[in-house]
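Visitor: Following is a predicted model, sequence given first.
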Amino acid sequence: MTESADEKAAQNSEHRRIDGKALAARLRRELKARAEAAGIIPCLAVIRVGEDPASRTYVGAKIKACAEAGFASRHIALPEDVSEEALLEEIRRLNSDADVHGILVQLPLPRHIGEHRVLAAIRPDKDADGFHPLNAGRLFLGLDAPVPCTPRGILRLLDEERISLRGKHAVVIGRSNIVGKPVASLLLARDATVTICHSKTPNLAEEVRRADVLVSAVGKAGLVRPEWLKPGAVVIDVGINRTPEGRLTGDADPACAEVASAITPVPGGVGPMTVAMLLENTFELAMAAKGKNGAPDA
Ligand code: NAD
């Protein structure tokens, strides 16, 4: 099989691992300094319902990150059988608490609670996750809004790695409201040509083969095969899966790293950026609340 010069060059290029952990640590330090310089103590309220172990871990990491950045936080843990009305009441209380700048409800919620009703109850100007329908709509329209943390972290990683998106073909696998749809909107806003794939996409390999930038947000270990990738493609692996031995792994088969020009590891890629972007959203909401928008971007 003959290879084009471009393919050879791409194959010979360095296979970079994108270090989300290091970038997230730097951004968190910068946010601490920015909040201190602005004389504010951003405060994030996190509501957790039930005792799901993954949710406990995620919430714990978010609260710890707040403390390390010098931010204040509130951790509201409600029982699994809490009524929807009681949860809404808690949100209303936080909505009217002037000391709280950002509110987040850890998902998923128990089945008896309406997720959309709960997310819509959060004041849009305290919406730390950017999941309120008004903010989701604003993002879709290309207007200013709190941006969901994982998609925001992905764009920040691409920017930091100086990966240009204009005119590139970006393929997103996964169409969730949390990752797939918002990241596709952000990539589109950066002039990428975007394809969104999902569980009913008939020929995933063919779609992925056209990707200059691939974002996989599915949650299936080894789904993305190295032979599907265009040599030199950039792979952003959002998936978090646990191997039978208990190790964390992404959606991309490990051999993808040999074909991609750059790839995010799991763990240590997108995950840490999600927490850093949550702090950034909270910081920005606190700045807006104080009427101090327009602080220099770090
Ligand atoms: P989700 O379950 O809501 O969505 C999964 C998506 O994958 C769906 O849109 C579905 O259509 C698609 N899908 C399922 N099987 C497929 C297949 N065989 N081929 C193509 N598409 C398929 O999940 P989510 O909340 O978007 O999360 C996706 C993954 O990302 C999970 O592993 C989750 O743990 C991880 N995640 C990581 C972070 C982070 O910070 N790193 C944040 C959020 C989610």
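Guide: In hand now; what should we look at?
Visitor: and the spatially most central residue of the chain, what does it touch?
Guide: Residue closest to the average C-alpha location in the chain (Cα atoms, centre = their mean): Thr150, at 0.2 Å. By Cβ atoms under 8 Å, 6 or more residues apart in numbering, the contact list for Thr150 reads 178-179, 183, 217, 238, 270, 273-274, 277. Using the backbone N, CA and C atoms, a C-beta is placed for each residue, glycine as well.
Visitor: Stretch 94-110: how far from the chain's middle?
Guide: 18 Å (Cα atoms, centre = their mean, to the nearest Å).
Visitor: Could you pull up the mean pLDDT of it?
Guide: In this model, stretch 94-110 has a mean pLDDT of 98.
Visitor: close to the ligand, is it?
Guide: No. Contact between stretch 94-110 and the ligand is absent, the nearest approach being 8.1 Å (criterion: Cβ under 6 Å from any ligand atom).
Visitor: can you give me the helices in the stretch 51-200 of the chain?
Guide: Per DSSP state H, counting those that start in this stretch, the stretch 51-200 of the chain carries helices over the ranges 53-68, 84-95, 115-121, 133-141, 149-160, 180-189.
Visitor: Next up, phi/psi of Gly250, please.
Guide: Phi and psi for Gly250, reported as degrees, to the nearest 10, are phi -90, psi -160.
Visitor: Equivalent analysis for Cys43, please.
Guide: According to degrees, to the nearest 10, Cys43 has phi -130, psi 130.
Visitor: now Arg111
Guide: According to degrees, to the nearest 10, Arg111 has phi -60, psi -30.
Visitor: Please apply the same query to Ile41.
Guide: The phi and psi values for Ile41, taken as degrees, to the nearest 10, are phi -120, psi 90.
Visitor: Which secondary structure element is home to Phe283?
Guide: According to DSSP states H and E, Phe283 maps onto helix 270-289.
Visitor: Quick one: list the elements packing against that helix.
Guide: Applying 3 or more Cβ pairs under 8 Å, 6 or more residues apart in numbering; DSSP states H and E, one finds that helix 270-289 contacts helix 20-38, strand 43-49, helix 53-68, strand 102-105, helix 149-160.
Visitor: And stretch 255-266, how far out from the chain middle?
Guide: For stretch 255-266, the distance to the chain centre is 19 Å (Cα atoms, centre = their mean).
Visitor: Next, the buried residues of that stretch.
Guide: By neighbour count with 16 or more other Cβ atoms under 10 Å, stretch 255-266 contains the buried residues 256-257, 259-266.
Visitor: Stretch 29-45 now?
Guide: Quick answer for stretch 29-45 (16+ other Cβ under 10 Å): 30-32, 34-35, 40, 42-45.
Visitor: Same question for stretch 44-64.
Guide: Buried residues in stretch 44-64 (16+ other Cβ under 10 Å): 44-50, 52, 55, 58-59, 62-63.
Visitor: any idea which of those is the one closest to Ser96?
Guide: Closest approach to Ser96 among these (Cβ to Cβ): Ala45, at 12.0 Å.
Visitor: From Lys126, how far out is the closest one?
Guide: From Ala45 across to Lys126, the span is 8 Å (Cβ to Cβ, to the nearest Å).
Visitor: Please list the residues of the stretch 151-298 of the chain that sit near the ligand.
Guide: Close to the ligand, as judged by Cβ under 6 Å from any ligand atom, the stretch 151-298 of the chain has residues 173-176, 178-180, 197-199, 201, 204, 217-220, 223, 238-240, 270-271, 274.
Visitor: Spit out the residues that contact Ala45 and Lys126 alike.
Guide: 94, 100, 102-103.
Visitor: Derive a ChimeraX selection command for the buried subset of these.
Guide: Command for ChimeraX that selects the buried part of these, burial taken from 16+ other Cβ under 10 Å:
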select :94,100,102,103
